[in-house]
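> sequence unknown, structure follows:
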């Protein structure tokens, strides 16, 4: 989740509807400037007890942040607390219960992306060995209750933790007990954004199936392969879901802005976070926000607000792919490979659209509902399983990566990063199903074994 660093007054007031739209239109870039941003979260645990460390305790999250500064990371403060780091590899930030996130820098190719991930993991594992902490690559805490988890000292999280139970039954689980991998990608024009949004939104459930890695809840199988994905179905109906309007004629920047204007606020930032949960951004535009009477929003407030909606694909000045569970290093590299292959080559984008353009809104809703439980066994509208669809889509993604022809020093293109996904599709077994096999077999129902087999 984004970390606020700008001070009040550093950006202009919103004077018109065009100012809202400009955040999207100013994200347009020519193809040669398209970049890849990858975000990934991981759970932090003490090696001796498997307990999640708090912020302040000895050897806890604050100590981890401080220790990482030896690698050149610079602290970002909220009040007197270090709540994030910035450096040449992007930002390190904290999710609400201490999930540790790298929001990577915008990079040209997947070789750079995977190397960036490797550097970060080497750093945190080295610090972890000294502090006695480890890191789990899963989509959901496998054994922790909400009550067992700490809360990080970030103002926006206090607001969200109070608000979430008012609007859904699983919002606190989303905040405290989940981890994800995300990819941020560019577009060249409004039309390009629209096509990429439609393709990626339609295929987000396929990514969920391929990366499904959260089959446990409080020490037992939970009946889902991606419980993380299921959680979003009852988090907050105002800011989640498949966004059917994206597939309607006339969709573009203005329609997405209208959607966001209908999303209730969480906060505004004024020398700290002001609780505006449930209030209307349109009132803010009119200077009638009850918690900030007479004040009108700046562009930074709008950008903050854009970060508080949680659909499967999110538009800012780029597109965010949000459908994947957390996982190991090779799948952190595989997620951007999947989406770059599909979206950054026109032939691949057209071919992917041909696979999904006949799907109805009801098809999208049914598929989104079934995939968290069924994974690759879910079926598309013509009865084709997602295992079969996955094979076709991965071939398209590989063709897109070959066409990009980004070659590393060893002479390899980017297609190798898809290898973990090809293996998953060939076997028909999601990562979650492999974990369940271990649980019922080798682990003998002993959930503590996950701290060995799913660690970084």
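Sure, I can see it. A quick note: this is a predicted structure, and the numbers were derived from the prediction, not measured.
> going forward, measure contacts and count neighbours with C-alpha atoms only.
OK.
> What is the longest strand of the protein by residue count?
strand 36-46 (DSSP state E).
> Now do the same for it: mean pLDDT, whole number.
Averaged over strand 36-46, pLDDT sits at 98.
> which other helices and strands contact that strand?
Strand 36-46 is packed against strand 100-103, helix 110-131, strand 133-136, strand 180-185, helix 329-343, with contacts defined by 3 or more Cα pairs under 8 Å, 6 or more residues apart in numbering; DSSP states H and E.
> Pull the residues that contact the second one.
Just to be clear, that refers to helix 110-131. When contacts are taken as Cα atoms under 8 Å, 6 or more residues apart in numbering, the neighbours of helix 110-131 outside the stretch itself are 36-38, 59, 64, 67-68, 71, 89, 102, 104, 107, 134-135, 329, 332-333, 336-337, 408, 414, 417, 456.
> Can you get me a residue count around residue 70?
Here the count is done by other Cα atoms under 10 Å, and residue 70 has 11 residues near it.
> Please apply the same query to residue 11.
Using other Cα under 10 Å as the criterion, residue 11 is surrounded by 13 other residues.
> Roughly how far does it sit from residue 56?
With distances defined as Cα to Cα, to the nearest Å, the gap from residue 11 to residue 56 amounts to 34 Å.
> Could you grab the helix/strand/coil label for residue 236?
Under DSSP: H, G, I helix; E, B strand; the rest coil, residue 236 falls in the coil class.
> Use 24 as the first number for this chain going forward.
Noted, 24 is the first residue going forward, which turns the last one into residue 259.
> right, and it touches residue 186 too?
No. Counting by Cα atoms under 8 Å, residue 259 does not reach residue 186; the two are 9.8 Å apart.
> list residues touching both of these two?
The overlap between the contact sets of residue 259 and residue 186 (Cα under 8 Å, 6+ apart) is empty.
> And the helices in the stretch 74-223 of the chain, which stretches?
In the stretch 74-223 of the chain, the helices defined using DSSP state H, counting those that start in this stretch lie at 84-91, 133-154, 178-190, 194-200, 213-233.
> Centre of the chain to the shortest one, how far?
If I follow you right, that is helix 194-200. Offset of helix 194-200 from its chain centre (Cα atoms, centre = their mean, to the nearest Å): 14 Å.
> What of the longest one?
For helix 133-154, the gap between its own C-alpha mean and the chain's C-alpha mean amounts to 19 Å (Cα atoms, centre = their mean).
> repeat for stretch 449-467
The answer for stretch 449-467 is 24 Å, by Cα atoms, centre = their mean.
> And the average pLDDT for it is what?
Over the span of stretch 449-467, the pLDDT mean works out to 98.
> Regarding that stretch, how distant is the last residue from the first?
Across stretch 449-467, the terminal residues are separated by 27 Å (Cα to Cα).
> buried sites along that stretch?
Within stretch 449-467, the residues scored as buried using 16 or more other Cα atoms under 10 Å are 451-456, 458-459, 461-462, 466.
> Relative to residue 273, how far out is the residue of the chain most remote from its centre?
With Cα atoms, centre = their mean as the measure, the chain has its most outlying C-alpha, relative to the mean C-alpha position, at residue 317: 34.9 Å. For residue 317, the distance to residue 273 (Cα to Cα) stands at 35 Å.
> just residue 137 next, same as before
With distances taken as Cα to Cα, residue 137 is found 37 Å from residue 273.
> Identify the residue nearest residue 354 in space, chain neighbours excluded?
Of all residues beyond its chain neighbours, the one nearest residue 354 is residue 443 (6.7 Å), with distances taken as Cα to Cα, 6 or more residues apart in numbering.
> now do residue 121
In this structure, residue 121 finds its nearest non-sequential neighbour in residue 175, 6.1 Å apart by Cα to Cα, 6+ apart.
> On the pLDDT front, check that neighbour for me.
For residue 175, the pLDDT comes out at 98.
> Likewise for the one 3 residues further on?
Confidence per residue is given as pLDDT, and for residue 178 that number is 96.
> go on, residue 32?
Per-residue confidence for residue 32 comes out at a pLDDT of 48.
> And the strands in the protein?
Applying DSSP E to the chain gives strands spanning 59-69, 97-101, 104-110, 113-117, 123-126, 156-159, 203-208, 239-240, 243-244, 290-292, 296-298, 336-338, 342-348.
> How about residues contacting the first one?
I take that to be strand 59-69. Outside of strand 59-69, the residues that reach it under the criterion Cα under 8 Å, 6+ apart are 74-76, 121-133, 136, 155-161, 164, 202-209, 349-350, 355, 359, 363.
> Kindly report the same for the second one.
With Cα under 8 Å, 6+ apart as the contact definition, strand 97-101 has outside contacts at 28, 88-89, 92, 105-110, 177, 295.
> if you skip the residues just before and after it, what's nearest to residue 414?
Nearest residue to residue 414, sequence neighbours excluded (Cα to Cα, 6+ apart): residue 448, at 6.3 Å.
> Count the residues that sit near the one you found.
The tally of other residues near residue 448 (other Cα under 10 Å) stands at 20.
> Can you name the residues that contact it?
233, 399, 410-411, 413-414.
> State the pair within these that is farthest apart.
233 and 411 (12.0 Å; Cα to Cα).
> Looking at those two, which is more packed in?
Residue environment comparison for residue 233 versus residue 411 gives the larger neighbour count to residue 233, 31 against 16, counting by other Cα under 10 Å.
> any idea how far the spatially closest residue to that one that is not a sequence neighbour is from residue 378?
With Cα to Cα, 6+ apart as the criterion, residue 233 has its nearest non-adjacent residue at 6.0 Å, and that residue is residue 453. Taking Cα to Cα as the criterion, residue 453 is separated from residue 378 by 22 Å.
> Just the endpoints, please. Distance across stretch 337-351?
From the first residue to the last, stretch 337-351 extends over 24 Å; the measure is Cα to Cα.
> likewise stretch 400-419?
End-to-end distance of stretch 400-419: 20 Å, with Cα to Cα as the criterion.
> ok, residue 360 to residue 134 distance?
Between residue 360 and residue 134 the distance, using Cα to Cα, works out to 10 Å.
> shared neighbours, the two?
Residues within reach of residue 360 and of residue 134 at once, by Cα under 8 Å, 6+ apart, are residue 437.
> Looking at the two, which is more packed in?
Applying other Cα under 10 Å to residue 360 and residue 134 shows that residue 360 carries more neighbours, namely 30 against 20.
> wait, isn't that one in contact with residue 440?
Yes. Residue 360 lies in contact with residue 440 (Cα under 8 Å); the separation is 6.1 Å.
> Thank you, goodbye.
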